[in-house]
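Asks: Dropping the sequence and predicted coords here.
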Amino acid sequence: MSIANEIIAPGDFIRRKMEEQDWTQSDLAFALGTSTAAVNQILSNKRAISAGMASALAVVLELDAKEIAKVQAEWDIETAGAPDPSITSRSKILRQYPLREMMKRGWIDTKYREGTLEEQVCRFFNVSSLDEVPHLAHAARKSRYDRVPPAQLAWLFRVEAIALEMVTPRYNVEKLKAAVDEFAKLKTKTDGVRHVPRVLEEAGVRFVVVEGLPKAEIDGACFWLDNASPVIGMAMRYDRIDNFWFVLRHECAHVLHGHGKNEAIVDCDVQGQPSRNVEEEIANREAADFCVPVDRMNNFYLRKKPYFAEKEVEAFARIVGTHPGLVVGQLQHKMGRYDFLRKHLVKVRDTLSSSMMMDGWGNLVPTER
């Protein structure tokens, strides 16, 4: 309890009240029905005053039990000392980043890697101190990542760490254009996705797949390690053939147009949200036209609406040279019926994993950082 801005020890507080009644330790012990030794321990602050003892002392000294308990609580806090600095660091990180999930996935591994948790977090974000980690710095300090939410940023840094380990030829824009042409043929087949890593590597594009973090809602990203090293990251948030090809072509558009060189582009819900800027409008338009030519899709939709027979959908997919799942995906979006012909929205993640290492889903890509 604070008396004249003074934190008083519980034993001293009780002693003062005893003196006001001219009581000795023996008197107090007698009134409490306990030993003098027990009273001495309280008065010398060697024994904390429990809730039961506070109630008993309140009766014999004519005090408020809550007042005695408050004296003990304030003294406990005053004498507890500063908490372990690691508690401050952990809570500071956890307030911004999904730290436990990052540790669960092995991105930060205090068990097998050298260094404290704080040092490993700094290594993950490639900085020298926690104050330099984006979103952990003082509010007045700005960084290039201020517009990227923490969970998305952690995912982005993981993609970068893996991309830095990859060895690819120098980026060639003409080869990427040729790669997109090859993708147009591959998208007709259910297992066409397994060739994507090889085709992008030959064009000098680092292709990284990292499972998205909870609530991050990431589809993909585009950024450059330098002017000759573009990176395409994908989260495979929806394991569906239509989403895979749309997001991939969306990110390829960013690379082909040189987007993301000054600041990483993180794309979330690319098929469900309207374009946010010119760059996104370009990428969305090219991705949609790649999956199913927009004019032909609109014409088919208007001609057949409101009845879309499965055989007609399959025939239309063959005519435009695409997988039926890509047509179904477009129709579901237009109709707002996400149960329509779902069997055609085949899963592709396992097929893709047969031709590349993917980070997440129980797997960890080893990195130096």
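Replies: Nice, I can see it. Residues are numbered from 1 along each chain as shown.
Asks: Could you chop the protein up by domain?
Replies: For the chain, the domain assignment from automatic domain parsing gives the residue ranges 2-80, 85-132, 150-353.
Asks: Which strand runs longest in the chain?
Replies: Looking across the chain with DSSP state E, the single longest strand is strand 218-224.
Asks: I would like the residues contacting that strand, please.
Replies: Strand 218-224 is contacted from outside by 152, 155-156, 159-160, 212, 230-235, 237, 243, 247-248, 250-251, 254-255, 259-261, 263-271, using Cβ atoms under 8 Å, 6 or more residues apart in numbering. (C-beta placed from N, C-alpha, C; glycine too.)
Asks: ok, now stretch 305-318?
Replies: By Cβ under 8 Å, 6+ apart, stretch 305-318 touches 300, 304, 323, 324, 326, 327, 328, 331, 340, 341, 344.
Asks: Residue 89 reaches residue 117, doesn't it?
Replies: Yes - taking Cβ atoms under 8 Å as the definition, residue 89 is a contact partner of residue 117 at 6.8 Å.
Asks: who does the longest strand of the chain pair up with?
Replies: Sheet pairing for strand 218-224, assigned by DSSP bridges, gives strand 230-234 (antiparallel), strand 265-268 (antiparallel).
Asks: Which among these is found nearest to residue 59?
Replies: strand 265-268 (63.9 Å; Cβ to Cβ).
Asks: How far off centre is the closest one?
Replies: Averaging C-alpha positions (Cα atoms, centre = their mean, to the nearest Å) puts strand 265-268 14 Å from its chain's average.
Asks: next SSE after that strand?
Replies: On the C-terminal side of strand 265-268, the closest following helix or strand by DSSP states H and E is helix 278-291.
Asks: pLDDT on that following helix, on average?
Replies: The average pLDDT within helix 278-291 is 95.
Asks: outside of it, which residues touch it?
Replies: By Cβ under 8 Å, 6+ apart, helix 278-291 touches 180, 183-184, 187, 242, 245-247, 249-251, 253-254, 257, 259, 265, 267, 270, 275, 294, 322, 326, 329-330.
Asks: what does stretch 319-330 give?
Replies: Stretch 319-330 has contacts (Cβ under 8 Å, 6+ apart) with 184-185, 187-190, 192, 240-243, 245-246, 271, 288, 291-293, 296-297, 301, 313-314, 316-317, 340-342, 344-346.
Asks: make it 6 Å
Replies: With contacts defined as Cβ atoms under 6 Å, 6 or more residues apart in numbering, stretch 319-330 is touched by 187-188, 241-242, 291-293, 296-297, 313-314, 317, 341, 344-346.
Asks: How about stretch 249-267?
Replies: Residues outside stretch 249-267 that contact it (Cβ under 6 Å, 6+ apart) are 148, 152, 156, 176, 180, 219-224, 230, 232, 270, 279, 283, 286-287, 290.
Asks: Identify each buried residue in it, please.
Replies: 249-256, 259-260, 264-267 (16 or more other Cβ atoms under 10 Å).
Asks: Which parts of this protein are strands?
Replies: So, for the chain - with DSSP E - the strands run 2-3, 6-7, 206-209, 218-224, 230-234, 265-268.
Asks: hey, least reliable of those by pLDDT?
Replies: For the strands of the chain, mean pLDDT drops lowest on strand 2-3, to a mean of 48.
Asks: Now the two most distant members of the contacts of stretch 305-318.
Replies: Most distant of those, by Cβ to Cβ, are 304 and 323, 18.6 Å apart.
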